[in-house]
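*Asks:* next comes the sequence, and after it the predicted model I'd like to discuss.
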Amino acid sequence: QVQLVESGGEPVQTGDSLRLSCVFSGRFFITHNVAWFRQAPGNEREFVAGIRARGFITNYADSITGRFTISRDNDKSTVYLQMNSLKADDTAVYYCAAGTGSAHLYHLESTYRYWGQGTQVTVSS
C-alpha cells in the first residue's frame with residue numbers, strides 16, 4: 001500500500017522561499033510519476049509541477065514556471081518542491097500525488113492513484 005506524506009508548508013511573506021517534501025511509503029517508488037497540485041480557497045485543485053518516474057523529465061504550470069522546481073531523490077523515496085519568490089496567489093493547500101498512469105497526462109488528477117493529505121502554504125504581503 002502506498003502512502004504519501006507532505007511536509008514543509010508554513011506561513012511566509014511575499015518573496016520568501018519554501019521547500020515542500022513528499023515522502024513515499026511503499027514499493028517501487030522509482031516506477032511512479034509524482035506531481036504537486038494545489039487548491040486555493042474557493043478554487044478547484046490545479047496542477048503545479050510533475051516529475052517522471054526516473055526523474056529526467058519535469059513539467060510545470062505556466063503560473064509558477066521559473067519560480068518553482070520539482071526534484072526527486074529515489075534513494076530516499078522523496079519528492080521536493082522548491083518554491084522561490086512566493087506570491088500571495090501561491091497561498092493554497094499543496095498536495096503530492098503519485099501514479100503509474102500515462103506520463104503524458106501529467107496535468108490531470110486522474111493520472112495519479114495515490115494522494116497525500118496536503119500541507120498548507122500561506123503567503124502574506
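*Replies:* Everything's here; your move. Note that the structure is a prediction, hence the values are computed from the model and not measured.

*Asks:* state the distance from residue 28 to residue 9.
*Replies:* 27 Å (Cβ to Cβ, to the nearest Å). C-beta: built from backbone N, CA, C; applies to glycine.

*Asks:* those two: who's more crowded?
*Replies:* residue 9 (18 against 11; other Cβ atoms under 10 Å).

*Asks:* the spatially most central residue of the chain in helix, strand or coil?
*Replies:* Of all residues in the chain, the one closest to the mean position by Cα atoms, centre = their mean is residue 36, 2.1 Å from it. At residue 36 the chain is in strand, as set by DSSP: H, G, I helix; E, B strand; the rest coil.

*Asks:* and it, how far is that from residue 125?
*Replies:* Per Cβ to Cβ, residue 36 is found 23 Å from residue 125.

*Asks:* same question, residue 57
*Replies:* 34 Å.

*Asks:* what's the answer for residue 38, then?
*Replies:* In terms of Cβ to Cβ, residue 38 sits 18 Å off from residue 125.

*Asks:* of those two, which one has the most company?
*Replies:* Taking other Cβ under 10 Å, residue 38 and residue 125 do not tie; residue 38 has more neighbours (24 against 7).

*Asks:* ok, that one - contacts?
*Replies:* Counting by Cβ atoms under 8 Å, 6 or more residues apart in numbering, residue 38 makes contact with 45, 46, 48, 90, 92, 93, 94, 95, 121.

*Asks:* tabulate these in TSV, adding columns for distance to residue 75, neighbour count and pLDDT.
*Replies:* Listed next are the contacts of residue 38 as TSV, based on distance: Cβ to Cβ, whole Å; neighbours: other Cβ atoms under 10 Å; pLDDT from 0 to 100:
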residue	distance to residue 75	neighbour count	pLDDT
45	30	16	97
46	30	14	98
48	24	24	98
90	29	22	97
92	29	22	98
93	28	18	98
94	23	23	98
95	24	22	98
121	26	22	98
